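Undergrad: pasting the sequence and the predicted coordinates here, then a few questions.
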Amino acid sequence: MFLLVGLAAMAQIPKEEILLDTGVFPKENVKLSVNSKVLLAGELLQYKAYNLTASNKMSNLSKILYVSLRNATDSIVFNHKLQVNHGTAHGDFFIPSNLKTGIYKLIGYTNFSKNSSSDAFAQVDLYIVNTFVKSELMPSSKETVVMTSSTEEDLQNLKTRQDLNSLTIKLNKKTFGLREKVSLTIENSERTNDGNYVLSVRKINPVKISGDVAKASKVTASEVFYIPELRGELISGVVVSKLNNTPAANKEVALTIPGKDYIFKIATTNAQGRFYFAIDEPYNAETSILQLYGDEAMRNTYKMVLDSKDFKITGKPPHTLKLEPQLEPWLEERSVQLQVENAYYNTKKDSILSHKAKPAFYDNLGTVFLLDDYTRFSTVRETFVEVITLAAIRGSGDDAKFVVNNAYDPNRLAKFNRIDPLVLLDGVLIQDNAELLNYNARNIESVRVVTEPYRYGAKIYSGIIAIESKSGDYSPAATTHEYITEINLPPVVSQKRYYRPDYGAGTQLSRIPDYRVQLLWQPEINISSKDFTTAFYTSDVSGVFEILIEGFTEQGVYISDKHHFSVTEN
């Protein structure tokens, strides 16, 4: 573990720079559970990912996990970044109306699992049907997978599946009416079944799939060693000379993830010119600012090259999904139901759980000037002269610089005044003072001034001048230069509390149609010695429904139990 901690700030390392046998590192692999392998445009794909060790126990290494949906040519439909808690993560994706009918792969992996030649990622084949777009005619071949209607006999032959010494699913009865309450109990008679599970209740799709889809694999063996993201997502790259691409050591790089609760970090390149950021704080921004940190000569001499986080997979020639004509009545019925359900989205939408923001690194230090409490001035320079008494601007033009003052010093000089203060605007490091001086002062919300010396990372500053705009989204004008760039850095997927109607609460929902086929999705079920109980309501959809409890015990044993019940019209 000592070795992992020492490498924790590195997203990937060229293998020739590793002096140790990488075989000593523990293995990590991902498993996926989904609410359904057959989905229509307008439905919600819900998934859960397990981050496991070689013995199928929950891994405590990676804290970030990636799930992506890819088509037959490996084009990415979505790529989700998930926060791992106690070895698991979960998310969802609304199947859009412009997604073509076909066979897709749901891929799950961690940065660390990419090192494996055999278990680099988990994959689940999904069969997506778009009733809003006419399917393109594809030639029939041996790579064709056929979707056809199941029969009543198929539904009659469904059997409850229960592993030996497994969990027991019990309901208050076997058949329910529309909008009726279902009481569900999961009995755990064996303590060896203690573990983490997903619970799904969904109507069985009246379809059968014939034909197999080939498994995908990594494109090529990697020339780098991928490090587990122990604290959060890792951002890495190298600083090189523009002249000859020689790596540059001891150069500083600044990262800003903007927002009201912005994140600001500084990294220093190592002997190989590489820099690394570990992002363990929550944020909401989709893009971030990365810039070389130094004087103008230094910034014009070097450039940053980010490590790619793309993960390519490959497989055999694409398979065609053929829909048999017998499916048409079911597809038409579900299409109408989905349109009605989505028309009531605002009534039935899920609740997004907010995360607790971390305060800025300087916390509550210094003095805050709320500019709306003072007479407003049109320029930044006038504002600092008339309002910001604890800081000042010295010089003009390209020689202008910001300084902090000491209110208790007769000459108003702060300690270490020959050292520059750290100047931030919405968390973005300001290196071009002229750009800040030309900023519209009426857009500034507040100015925080810390007049005491402050050490941040390896640097010491005479103080801090942290400016916040009213919009909180300042972006430097020069993001097209090689020393400053805007990068895509989407946040982790927000956690949700999924919509669950309560028809026992009165008549408030009596006039709202309910065509749910997914009656329950609880991705995080921790089962211990006590029985697990929950309740949910059926919808306006009749048919045979399946209860699935799936997951891993604390000993790494895979458990998957199914139970069926019927819903009939009242």
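TA: Structure's in. What do you need?

Undergrad: any low-confidence regions in the protein?
TA: By pLDDT under 70, the weakly predicted segments of the chain are 1-24, 135-142, 156, 158-165, 218-222, 316-317, 408-415, 478-481.

Undergrad: list the residues that contact residue 565.
TA: Neighbouring residues of residue 565 by Cβ atoms under 8 Å, 6 or more residues apart in numbering: 171, 174-176, 182, 544-545, 547. Quick note: C-beta positions are derived from backbone N, CA and C, even for glycine.

Undergrad: let's see 10 Å
TA: 160, 169, 171, 173-176, 182, 184, 201, 538, 544-547 (Cβ atoms under 10 Å, 6 or more residues apart in numbering).

Undergrad: so which of those are in helices?
TA: Among those, no member falls in helices (criterion: DSSP state H).

Undergrad: which pair in these spans the largest distance?
TA: The span of the contacts of residue 565, defined through Cβ to Cβ, is set by 160 and 538 at 18.7 Å.

Undergrad: so between the two, which is more surrounded?
TA: Taking neighbours as other Cβ atoms under 10 Å, residue 160 and residue 538 compare with residue 538 leading, 25 against 13.

Undergrad: that one and residue 173 touch, don't they?
TA: No. Assessed by Cβ atoms under 10 Å, residue 538 is found out of contact with residue 173, at 11.8 Å.

Undergrad: show me where the stretch 1-150 of the chain has its strands.
TA: For the stretch 1-150 of the chain, applying DSSP state E, counting those that start in this stretch gives strands covering 12-14, 29-34, 38-40, 44-52, 64-70, 76-83, 88-94, 102-109, 122-129, 144-149.

Undergrad: each with direction, which strands does the second one pair with?
TA: Partner strands and pairing direction for strand 29-34 (DSSP bridges) are strand 44-52 (antiparallel).

Undergrad: how far off strand 88-94 does the strand it pairs with point, in degrees?
TA: Orientation check (axes from the mean of the first three to the mean of the last three Cα atoms, to 10 degrees): strand 44-52 against strand 88-94 gives 160 degrees.

Undergrad: secondary structure class of residue 277, three-state.
TA: Secondary structure, DSSP: H, G, I helix; E, B strand; the rest coil: residue 277 is strand.

Undergrad: contact partners for it?
TA: Shown in contact with residue 277 (Cβ under 10 Å, 6+ apart): 9, 11, 232-237, 253-255, 257, 263, 265-267, 288, 290, 489.

Undergrad: how close does it get to residue 81?
TA: Residue 277 sits at a distance of 15 Å from residue 81 (criterion: Cβ to Cβ, to the nearest Å).

Undergrad: name the helices or strands packed onto the helix ranked longest in the chain?
TA: Using DSSP H to define each element, the chain has its longest helix at helix 328-343. Helix 328-343 is packed against strand 38-40, strand 122-129, strand 144-149, with contacts defined by 3 or more Cβ pairs under 10 Å, 6 or more residues apart in numbering; DSSP states H and E.

Undergrad: in it, what counts as buried?
TA: Across helix 328-343, burial judged by 16 or more other Cβ atoms under 10 Å covers 334-335, 337-338, 341.

Undergrad: which residues does that helix contact?
TA: 40-44, 94-95, 97, 129-132, 149-150, 203, 205-207, 323, 327, 348, 512-517, 539-541.

Undergrad: show me which of these are buried.
TA: For the contacts of helix 328-343, a neighbour count by 16+ other Cβ under 10 Å gives the buried set as 40-44, 95, 129-131, 149-150, 203, 205-207, 323, 327, 348, 514-517, 539, 541.

Undergrad: next, count neighbours for the closest residue to residue 133 other than its chain neighbours.
TA: Sequence neighbours aside, residue 100 is the residue nearest to residue 133 in space, at 6.5 Å (criterion: Cβ to Cβ, 6 or more residues apart in numbering). Residue 100: 15 surrounding residues under other Cβ under 10 Å.

Undergrad: mind listing what residue 100 touches?
TA: Contact analysis of residue 100 by Cβ under 10 Å, 6+ apart lists 41, 71-72, 128-130, 133, 135-136, 321.

Undergrad: likewise residue 105?
TA: The neighbourhood of residue 105, defined by Cβ under 10 Å, 6+ apart, consists of 68-72, 74, 77, 121-126, 213, 215-216, 313, 315.

Undergrad: quick check: bridge partners of it?
TA: Counting by DSSP bridges, residue 105 forms beta bridges with residue 70, residue 125.

Undergrad: now it: how far from residue 346?
TA: With distances taken as Cβ to Cβ, residue 105 is found 33 Å from residue 346.

Undergrad: do residue 280 as well
TA: Using Cβ to Cβ, residue 280 is found at 34 Å from residue 346.

Undergrad: same check on residue 366?
TA: 43 Å.

Undergrad: neighbour count winner among the two?
TA: Ranked by neighbour count (other Cβ under 10 Å), residue 366 and residue 346 place residue 366 first, with 20 against 6.

Undergrad: which residues sit in contact with that one?
TA: For residue 366, the contact set (Cβ under 10 Å, 6+ apart) comprises 390, 404, 447-452, 454, 463-466.

Undergrad: bridging residues for the closest residue to residue 200 other than its chain neighbours?
TA: In space, and not counting its chain neighbours, residue 200 is closest to residue 548: 4.6 Å by Cβ to Cβ, 6+ apart. Residue 548 forms beta bridges with residue 200, residue 562, as assigned by DSSP bridges.

Undergrad: can I assume residue 470 is in contact with residue 443?
TA: Yes. In this structure, residue 470 is within contact of residue 443 by Cβ under 10 Å, at 5.6 Å.

Undergrad: now for the two: what residues contact both?
TA: Joint contacts of residue 470 and residue 443 (Cβ under 10 Å, 6+ apart) are residue 371.

Undergrad: residue 383 reaches residue 442, doesn't it?
TA: Yes. At 9.4 Å, residue 383 counts as touching residue 442 under the criterion of Cβ under 10 Å.

Undergrad: quick one, which of those two is more surrounded?
TA: Neighbour totals were compared for residue 383 and residue 442, and residue 383 leads with 22 against 12 (other Cβ under 10 Å).

Undergrad: show me what contacts that one?
TA: Residue 383 is in contact with 369, 371, 374-377, 393, 441-442, 444, 447, 467, counting by Cβ under 10 Å, 6+ apart.

Undergrad: helix, strand, or coil at residue 382?
TA: Classification of residue 382 using three-state DSSP returns helix.

Undergrad: skipping its backbone neighbours, what lies nearest it in space?
TA: residue 441 is the one closest to residue 382 (Cβ to Cβ, 6+ apart), at 7.2 Å.

Undergrad: quick one: terminal-to-terminal distance for stretch 378-397?
TA: 18 Å (Cα to Cα, to the nearest Å).

Undergrad: buried residues in that stretch, which are they?
TA: Using 16+ other Cβ under 10 Å as the test for burial, stretch 378-397 gives 380-381, 383-384, 387-388, 390-391, 393.

Undergrad: if we can go back for a sec, tabulate the buried residues of helix 328-343 (a markdown table), appending distance to residue 25.
TA: Listed next are those as a markdown table, based on distance: Cβ to Cβ, whole Å:
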| residue | distance to residue 25 |
| --- | --- |
| 334 | 47 |
| 335 | 49 |
| 337 | 49 |
| 338 | 46 |
| 341 | 47 |
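
Undergrad: for the residues you listed, which two are the farthest from each other?
TA: 335 and 341 (10.8 Å).

Undergrad: quick revisit: joint contacts of residue 383 and residue 442?
TA: Residues touching both residue 383 and residue 442 comprise 371, 376-377, with contact defined as Cβ under 10 Å, 6+ apart.
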